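>>> No sequence on hand, only this structure:
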C-alpha cells in the first residue's frame, strides 16, 4: 500500500500554518498530553494536526499520533485528507508496533474518505480516491476479502493519475492468486512501464499458472521458465531492497513439476546474489554476522548449544505441524524461536504455535515491515551456533534471510519438500523412508537422512464428526451421492493436480460408473473454472461426476476424510499432512503412486512404517487397477481399512529421530563429522 505520510501533509492551496514548537514535539512519548492542551487553546488547521502527528510517530509515539489524528477527523470530518492521513498513520502504527487491529480502523477511514463528496483533490500528485481505494484493497486482501480487494484495486486504477503504479502491481498479484495469469502479467507490465522494478521483472520471468489448461501448456510454461532464468543469468538486475521488491519466492511452483531442477534453483540464487546489495555491511544480501568468523575458527565455547529456529509458519500450518517436534529439543540446547511476522500478521495462539514458544528459552518476533537488514540483525544479535529453517520456499522472508550467514552452521528441513539452491545453507535434513539412494542429486545442500520418520504429534480430531448423510447435506451434494455411489476423494490443493494425471482419473471413472470424484476448492472461482475447462477436454463423458466441494470447516474436513470411500493421492507432489490427518480419524484407504523425489514419497513411507504395501502403485495403470479393485471389492476395502486402523498408531510420536536430531546438532556445534550424511 501507499505508506508515505509526510508527503500527504503538503498544503493544498493557502499558506502553511504551524502553531507548535518543534522542541515540544521532539519530546516523543507522553508529549501528546501537552499537545492536546495546546490544541484546546489554538485554532489548528488540519495540516497542523497531520504534520505534528507525523513528528510524534517519527519519535516513536504512535499512541500520541493516533490520538491527535482522531481528534482531527472529528473536527474535520468532511475533509478527505484527514481520513486518509489517519488511515495511513494507523497502517504505519500497525506495522511498527505489531498491532493488526489498527488495520481494521484504517479500513473504516479509507471508506469514509471514499464516501465524502468533494471536488477532485490531489495528494502528492495522486487523486485522494486512488490512494484510499488502493490501500483499502490491500487491507481487504490481507483479511481474505479477495473479491472486495479486486474491486478496490480496479477503482484505484479508474481514478488514478499518470504514474500511479501501486494498484496495477497489487491487482496483478491478486489476479495471480485467482489463477488468471495472463491478466496478472498485463497488470505487471503496466506497473513495470510506470515504475521499472527488477523484482517485478524477475517475477514476470518466473510466473507459473496454478492450474494448467493442458499437458502442452504444462510443458511449454516450464520450458519458458527455464529459458527465462538462463536469460536473467546474463542480465544485470538491481534489487537494492530485495524483501520489498521480490513478489514471491521465484521457485515455489517449480517444485510441483516433479523434475530435478536443482541447477535452476542454484541459478536463481545466483541471480539474486548478483542483483542484491553488495559489500559486507548489514544491508548486503550475503551479509555475515559478526560472531560467525570467530566462532568458525574457534573450538566450541562449551556452554549450551545455541540453536535458532526460524519460519513464518511456526503455527497451525502444514509446515509447522511437520516440524513441531523441534519443540522437544532437550535442555542441552538454548533455543531461540524466531517468528517471522507478515506485514499485517500477528502472533498465532494455536496449539502448534504455543508448543514452539513453550520450548523457547527466548522468543523473538521478527517483523517484515522492519526490513530485511533489521530482521537479519535481530537474528545475528543472538550469536547462534546453528540456525535452523523449518522451511524455505514458501515465504520471501525466510528465503532472503537464508542468503546471509547468520550462524556458523545453517540447516533447512522438510517443512517445504524442496531444495533451495542457496549456497549459505549447509544441510537439508530428511528421512530415509522418504528418500531414494540417489537422492543427493536433488539437493544443493548436503543431504542428511535420519533412520526413521520424525516424531509427529497425532492430529487433533474434533470430538464430534458428522455422519455420512449429514456431511453430504452440509456440502450440498446429497443429490449426487445416491445409494451405491463410491466416493473418491482427492483432498490435495488444486495446483498439485497436474494435467498429466487427468488420464488416470478419467480411466478410474470410466471403469467405475457409480463413482464420484470430489475435489477441494481453492481460493477463487476462476481457478476452479479453469480446472473444469481442462477436465471437460481431458475427461469427456465422465467430468459430470467430478464434484468441487465448497470451503469446509474443520469438522467437515475430518468428516470427509472419514466418510470418503477411497482417497486418491496426487502425483508427482503427493500428500503428507493430509495423509496423516486421514489416518488420525479413520482407516480410509489411500492409493498412492510414489515419485522419485521427497514430495511424492511420503504416503508410501507411511504405509511402509505400518507394514502395509497393498496400495503402493507401480505405475499409472496399477494405480487405476488398485482403485477399481477397492471400489468393486468392499470386503477387501474393509480389510485394508481395518489394517490401517490397527497400525496407524505406529505413525505417531516415533522417538528414534529425536536422538538423531540432537546428535546431528551436537556434531555440528562440536565440529565433529556428521554421521548421518546421505550416501552419495
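Everything's here; your move. In this text the structure is predicted, and so the values were computed from the model without any measurement. Numbers count the residues shown, from 1 in each chain.

>>> CA only for contacts and neighbour counts going forward, please
Noted.

>>> Let me know the helix or strand that residue 363 is in.
Per DSSP states H and E, residue 363 falls inside strand 362-367.

>>> can you give me the offset of the helix or strand just after that strand from its chain's centre?
Downstream of strand 362-367, the next assigned helix or strand under DSSP H and E is helix 372-380. Centroid displacement of helix 372-380 relative to its chain, using CA atoms, centre = their mean, to the nearest Å, is 20 Å.

>>> Mind giving me the packing neighbours of helix 372-380?
strand 362-367, helix 396-401 (3 or more CA pairs under 8 Å, 6 or more residues apart in numbering; DSSP states H and E).

>>> on contacts alone, who are the packing partners of the last one?
Here helix 396-401 is seen to pack against helix 242-245, helix 372-380 when contacts are counted using 3+ CA pairs under 8 Å, 6+ apart.

>>> quick one: buried residues of stretch 640-659?
Using 16 or more other CA atoms under 10 Å as the test for burial, stretch 640-659 gives 640-645, 647-648, 651-652, 657-658.

>>> Show me what it is in contact with.
325, 328-329, 450-458, 583-584, 586-589, 606, 609-612 (CA atoms under 8 Å, 6 or more residues apart in numbering).

>>> would you turn the helices and strands packed on helix 396-401 into JSON lines with mean pLDDT, distance to residue 297 and mean neighbour count?
As requested, the helices and strands packed on helix 396-401 are exported to JSON lines (pLDDT from 0 to 100; distance: least, CA to CA, whole Å; neighbours: other CA atoms under 10 Å):
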{"stretch": "helix 242-245", "mean pLDDT": "95", "distance to residue 297": "31", "mean neighbour count": "19"}
{"stretch": "helix 372-380", "mean pLDDT": "96", "distance to residue 297": "17", "mean neighbour count": "20"}
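
>>> possible to save these as CSV with distance to residue 260?
Formatted as CSV, the helices and strands packed on helix 396-401 follow (distance: least, CA to CA, whole Å):
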stretch, distance to residue 260
helix 242-245, 26
helix 372-380, 30
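
>>> Now name the helix or strand holding residue 66.
Residue 66 is part of helix 62-75, with elements assigned from DSSP H and E.

>>> now swap in residue 167 and tell me
Per DSSP H and E: residue 167 is located in helix 166-177.

>>> Any buried residues in the strand holding residue 363, and which?
Neighbour counts using 16+ other CA under 10 Å place 363-367 of strand 362-367 among the buried residues.

>>> Going by distance to residue 143, which of these wins?
residue 367 (18.0 Å; CA to CA).

>>> Touching, the closest one and residue 377? I think so.
No - in this structure, residue 367 is not within contact of residue 377 by CA atoms under 8 Å, at 11.8 Å.

>>> and residue 493, how many residues sit next to it?
15 (other CA atoms under 10 Å).

>>> Mind pulling the model confidence for it?
Here the pLDDT value assigned to residue 493 is 88.

>>> Residue 247 contacts residue 200, doesn't it?
Yes - between residue 247 and residue 200 there is a contact under CA under 8 Å: 6.6 Å.

>>> separation between residue 472 and residue 345?
The spacing between residue 472 and residue 345, counted by CA to CA, to the nearest Å, is 35 Å.

>>> typo on my end, residue 241
Taking CA to CA, one finds residue 241 at 21 Å from residue 345.

>>> Ok, residue 677 next?
37 Å.

>>> now residue 79
Taking CA to CA, one finds residue 79 at 30 Å from residue 345.

>>> likewise residue 60?
Distance from residue 60 to residue 345, by CA to CA: 20 Å.

>>> more neighbours, the two?
More crowded of residue 60 and residue 345, by other CA under 10 Å: residue 345, with 19 against 16.
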